[in-house]
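**Student:** Sharing a model prediction with you, sequence too.
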Amino acid sequence: MVVGLTERLDSFVRTHNDRQLAAIPLALFVIALLILAFTFASTGAPVKLGMEFKGGTMISVATEESVLSFEETFADYPLNNIRQTGSRVIMQFGPMSDDMQHELVSNVVGSYTGVEINQIGPVYGASLQKQAVIAVIISFIGMALLVFLIFKTFVPSIIVVVSALSDIIIAAAFMNVAGIELSLGTVAALLMIIGYSVDSDILLNTRVLKRRGTTQENITSAMYTGVTMTTTTLAALIVMYLVSTYSYLLSSSLSQITLLSNIAIVLIFGLVADLINTWMLNTSILRWHVNKNGSRRRKA
Amino acid sequence: MRDDEQEQSIYRDYRIILFALAIIASLFFIQPWYSSDEGFTSNLNYGLDLQGGSWLQVKLQGAVVQLDADSGLLIREIVKTNLGENVEIRTVEEREDGTTVIFTSGSMLTNNQIDQLGLGQATISRSNNITELTLHTSKVTLITRYLSDSLKAEVIPGLVSSGMQYEIRTAVSQEELEILMAVVEGSIVTDLNGEPIYREGVTVETRDLTKEILSDKLNSLGLKDIPVRTAGDDYIIIDFAGIDLATAKNIAERPGKFEIRIATQGNESMHVLYGDEIRAVSIVGYNDNDGQWYVPFTLTDAGALALQKAAIETGATRNPLSHNLIMYLDDREVYSAPLSHSAAARLEEVPIYSWQASTGPDEDSKARAEQLQIHLRAGALPVNVELVGSGQVDATLGKQFKEQAVLAGFLALFGVAFVIYRKYKKKGILVPMVATSVSEVIMILGFAAATGWQLDLASIAGIIAVIGTGIDHLVIITDEVLYEGKLPPKKVYLARITKAFSIIFAAAATTILAMSPLVFMGFGALKGFAITTIVGVLIGIFIARPAYARVIPEVLETNPNDTE
């Protein structure tokens, strides 16, 4: 399975020229940008903001009752959304007054078991939003500076930065398509994508620029290592996603762990985007860069 | 084989020794144990979302700002607000050591009235129905008083490198302040770039004081070990292990009961006043005259009268030494001392508003004064707080999360092992790789146990993410080493390892850099993720992966044909 993927990818890279190779990830990048722009135009934010950034209350309880009876019980509160997974019901409330909040919490704590509550004030949510944006920007700029410091030449450095940017953009666009909201967990995942993305890019750059042998051989060897790296990480994340999201289907005593589920799914899509970006976009630009410089050197 | 280093036993290699020591230390700190009645036990601390409990997050409201204004106009406003009199300003003299203002009023103003303002020394003369007052004060005192009158809040001046800064302990916007300052021909001071020096929030000292008061109050309610954490400059998070959210809110909102009593005879005492008669508590100071540390506090009108009445009734004004003033917080004695002779004598005549509770001359006394300052506030926090977030996970759900998260971690490791085996088809690679990965997890947990770090769900997600990057790096090392499909000669091997590590260090540095904003910014929930990731990466690159790089050629050499 793994070997099959790498071989197919390798022959694809060998049989297509630089421009063809770069076209696929660039098209994806543009589509992702369009999705973000569309979401921005319709909601005012490039991704759908979750409760933690908008303010509100999430309450999840263990229960055998139906969703309908919950809608009735909590009809007096600003109930935005309600869903059932296994033996749990999860409710999302909009912002409400402190007194109402207090009453709701006492009510829930008194009547149900297995209670999980998460409440964020709208003003604090807005300040978290600002901080999250700053965190992503600082991370990204820090990463970019470090990459330039490591490679010291423009083209190899800029492709690492562009590829990381594209990974994040594609992962964010995917969140919009799959209906995943931006939460603290998904912000952490987006930052982690920066880390993972750079791993395979640095490997590719180092192998192609510093190892003797033909460019194509070096790309192939980097690809064998890099794809193994990404697939092992993907294996860990897919398992984490399945256990945290669907284990309740196996046993009603298990429940969804939203934080883990969100981190895992966003990282999975970031890594898939990274496979495409590293081995098509970066590879093609790097191949073009090395061949151009190589031929110039030969002429001189 | 002829190479000297090659012949050296791997058990004497520093990388292996370091690795072994780290594992032993980690196990020592974690102390994993299994017994049939208690199940699996260890030294690890778990976060609220894994052990059950609730948390409250509050924002401290305030503003820190630098201000300037006209001293004369400040006095006019302060006198108008407090005494209801209009005064005319004659001269204002600003000097290094203070400000002297001469002003006049058509009505009688007494020394006592001016003293009560607490602005400074005044001399009063009266002729032709005009009262002329000469007041020695300072602009800082005037601005502080003006603001605290107008905003009904404490204002704490403090000298910082760029000038005099005022901390206003209530929510006030920049616009509101500008309007207030315009009345006294003042403004917010601007910095070198022309930006007004104003920020929302409080000083670090105030944040820490608030945290102390909250801890003190919660722990005095008989609830042991309620950790109060700060998050960022302006937020405080309170963790209530094993307590549901409704109860937690009730506890946090209940004010402490502060009472001042006065000794009558023997062990008897009588009530003087409760905490709501204390108008303000200022910061601890040192009195040069009597060489004692003290806490200044001010009483309300009713409080000052009650204290005067009680002191006269009990005879404390004539014989202060046998009638101590005793302060109680939630019925616990927190301070007891007699009235000073000067205060006792003055109380015979007039009520006293500004008091100093002295604690003594040494460093211990300073600490006692700081403690008393907290007690005097009696759960009344120095700043207004706003509840901005709260949450709860109950104990059964937390236990379930814990088991499930651990399960996810184990299964993730199996998933990784499966992919590795498919790729290399060699037990000789699979076993050291998985063992290295497991050892990294043990060392992260060891670090957590040693530092008392609370593992929460986010931390476990971080550990799983570290397994991911860790394996990435082991793959890089392995593939560098096995470049031609077999183990290279020693010299080439060393060069390759160096190259592999240069890739790994670069990759690790970017991961650490990408995660660091989460550690320093105010995201309570994500700190765990970021810290485990960073610690895990550091442990990986400095301890686990060098050991792997040392072991892998040995293993491959002894079993070169170990396929399938």
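**Tutor:** Noted; the coordinates are in hand. Numbering: from 1, shown residues only, chains lettered A, B, ... in the order given.
**Student:** any weak-confidence spans in the stretch 201-300 of chain A?
**Tutor:** A:294-300 (pLDDT under 70).
**Student:** Kindly report the same for chain B.
**Tutor:** Where chain B drops to pLDDT under 70, the residues are B:1-8, B:220-225, B:254-256, B:378-380, B:484-485, B:522-525, B:559-564.
**Student:** who's the residue nearest in space to the middle of it bridged to?
**Tutor:** Taking C-alpha atoms, centre = their mean, the centroid of chain B lies closest to residue B:230, which sits 3.6 Å from it. Assessed by DSSP bridges, residue B:230 has beta-bridge partners residue B:236.
**Student:** Distance of it relative to chain A?
**Tutor:** Distance, residue B:230 to chain A, using C-beta to the nearest C-beta, to the nearest Å: 15 Å. To be clear about C-beta, it is placed using only N, CA and C from the backbone, and glycine gets the same treatment.
**Student:** Quick check: that residue touching residue B:209?
**Tutor:** No: if you go by C-beta atoms under 8 Å, residue B:230 and residue B:209 don't touch, sitting 11.2 Å apart.
**Student:** coming back round to it: what residues are up against the residue nearest to the centre of chain B?
**Tutor:** Each residue near residue B:230 by C-beta atoms under 8 Å, 6 or more residues apart in numbering or on different chains is listed here: B:207, B:208, B:211, B:236, B:237.
**Student:** any idea how chain A splits into domains?
**Tutor:** A:2-50+A:124-295, A:56-120 (automatic domain parsing).
**Student:** list the buried ones in stretch B:286-305?
**Tutor:** The neighbour-count check on stretch B:286-305 (16 or more other C-beta atoms under 10 Å in any protein chain shown) flags B:292, B:293, B:294, B:295, B:296, B:297, B:298, B:299, B:303, B:304 as buried.
**Student:** ok, the residues you listed vs residue A:92, which is closest?
**Tutor:** residue B:297 (46.5 Å; C-beta to C-beta).
**Student:** Report the spatially closest residue to the closest one, excluding sequence-adjacent ones.
**Tutor:** For residue B:297, ignoring the flanking residues on the chain, the nearest one in space by C-beta to C-beta, 6 or more residues apart in numbering or on different chains is residue B:281 at 4.6 Å.
**Student:** That neighbour contacts residue B:377, doesn't it?
**Tutor:** Yes: with contact defined as C-beta under 8 Å, residue B:281 reaches residue B:377; the gap is 5.5 Å.
**Student:** Do a quick rundown of the helices in the stretch 1-150 of chain A.
**Tutor:** A:2-15, A:18-43, A:51-54, A:67-73, A:98-111, A:122-151 (DSSP state H, counting those that start in this stretch).
**Student:** can you tell which of those helices is closest to residue B:285?
**Tutor:** Closest among the helices of the stretch 1-150 of chain A, once you apply C-beta to C-beta, is helix A:122-151, at 35.1 Å.
**Student:** Could you give the residue of the stretch 151-300 of chain A that lies closest to chain B?
**Tutor:** Here the stretch 151-300 of chain A gets closest to chain B at one residue, residue A:195, 3.3 Å apart by C-beta to the nearest C-beta.
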